[in-house]
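Student: structural data only, the sequence is not supplied:
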């Protein structure tokens, strides 16, 4: 154990052990990679999905983010000693967005107002709270909670190994399975198409409805899984964690699916959220003209967040910590 590890004791919430969503594995890789630039390895790792006996004896805790600010999503947070700081990297509150309603004879009817989000977790997290999307930032700022809009750590994955192998990667979304299956086969008439699953059970579901094209699922190696995104020519995706890694890798993307609080980051990135109509023409309408200046803004905020976390530890000087880690 090096000098920094002896003097900096913190816990880390593992979001991969019981995850059915492979996006959690991508987030975990991105956060752990970011942490190596600022901190030594954690002294304790606990399962974010499983309640256990409270853990004590560390200076602070890091929770990676995703929807961890949504109360009840991660029971393992109940085991935390909230008396010591708990920092969130890129957290999000899941909520439906307000509908615009229907206009009938100059009157708007059936406007849906979503319920107010539960901020019980957000109020416990140490400030500044790293948030993934503009919706979460607005809600927390309105409640007097200081935030840093850092986006998702997956936006900062390394583009090392990026190539163009000429295929369209269809990163399959939730629901509308038959529509996606049809669209994938239509796109395959013009370009080679590979499908990739994002949740346990998706492989069987898509095969069952007639997906006959190559189909990838997670096989235990997250870098192999991400390599399909790195080597695609175009990524057509119905998942946020198909979109964000693809942006990190500089790919042309087409994003489709439903809009909710999590996708508010897409507005800031300059990414349209399409519906399923016309999905078979997605490759023709894909683009890599997302807002790179905004990504740099998020990266600067992420750096500021980690500097705030480092101040919690005995080490105050990030450069000193980095040099110690290299010894």
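Tutor: It's in. Keep in mind it's a predicted model, so treat the numbers as computed, not measured.
Student: my guess is residue 73 contacts residue 67. True?
Tutor: Yes: with contacts defined as CB atoms under 8 Å, residue 73 counts as touching residue 67 at a distance of 5.1 Å. (C-beta placed from N, C-alpha, C; glycine too.)
Student: now for the two: what residues contact both?
Tutor: With CB atoms under 8 Å, 6 or more residues apart in numbering applied, the overlap between the contact sets of residue 73 and residue 67 consists of residue 94.
Student: out of those two, which sits in the busier spot?
Tutor: Neighbour totals were compared for residue 73 and residue 67, and residue 67 leads with 19 against 16 (other CB atoms under 10 Å).
Student: distance of residue 117 from residue 298?
Tutor: Distance of residue 117 to residue 298, computed by CB to CB, to the nearest Å: 22 Å.
Student: do residue 175 as well
Tutor: Relative to residue 298, and taking CB to CB, residue 175 is found at 29 Å.
Student: cool, residue 177 as well?
Tutor: Distance, residue 177 to residue 298, by CB to CB: 33 Å.
Student: what of residue 194?
Tutor: Taken as CB to CB, the spacing of residue 194 relative to residue 298 amounts to 29 Å.
Student: now residue 261
Tutor: Residue 261 is 17 Å from residue 298, where distance means CB to CB.
Student: the strands in this protein, which residues?
Tutor: 10-14, 44-47, 60-63, 86-88, 102-104, 107-109, 129-131, 147-149, 168-171, 193-196, 215-216, 234-237, 252-255 (DSSP state E).
Student: who's more crowded, residue 117 and residue 298?
Tutor: In this view residue 117 and residue 298 are compared by other CB under 10 Å, and residue 298 has more residues nearby, 23 against 20.
Student: now do the contacts for the more buried one.
Tutor: Counting by CB under 8 Å, 6+ apart, residue 298 makes contact with 149-151, 155.
Student: just the endpoints, please. Distance across stretch 116-133?
Tutor: Criterion CA to CA, to the nearest Å; first-to-last residue distance in stretch 116-133 is 17 Å.
Student: how about that stretch: buried residues?
Tutor: Using 16 or more other CB atoms under 10 Å as the burial criterion, the residues of stretch 116-133 that qualify are 117, 119, 121-122, 125-126, 128-133.
Student: as a markdown table, those with distance to residue 54 and pLDDT would be great.
Tutor: Rendered in a markdown table, the data for the buried residues of stretch 116-133 read as follows (distance: CB to CB, whole Å; pLDDT from 0 to 100):
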| residue | distance to residue 54 | pLDDT |
| --- | --- | --- |
| 117 | 26 | 91 |
| 119 | 22 | 95 |
| 121 | 16 | 94 |
| 122 | 20 | 95 |
| 125 | 17 | 96 |
| 126 | 17 | 96 |
| 128 | 25 | 97 |
| 129 | 22 | 98 |
| 130 | 24 | 98 |
| 131 | 26 | 98 |
| 132 | 27 | 97 |
| 133 | 30 | 97 |
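Student: most neighbours, which of the contacts of residue 298?
Tutor: Across those, the neighbour count under other CB under 10 Å reaches its highest value at residue 150, namely 30 neighbours.
Student: just checking, residue 22 touches residue 225?
Tutor: Yes: with contact taken as CB under 8 Å, residue 22 and residue 225 are classed as touching, separated by 6.7 Å.
Student: hey, what's in contact with both of these two?
Tutor: Common neighbours of residue 22 and residue 225 are listed as residue 218 (criterion: CB under 8 Å, 6+ apart).
Student: low-scoring stretches of the chain, by residue?
Tutor: Using pLDDT under 70 as the threshold, the predicted model of the chain has low-confidence ranges 1-7, 98-112, 114, 314-327.
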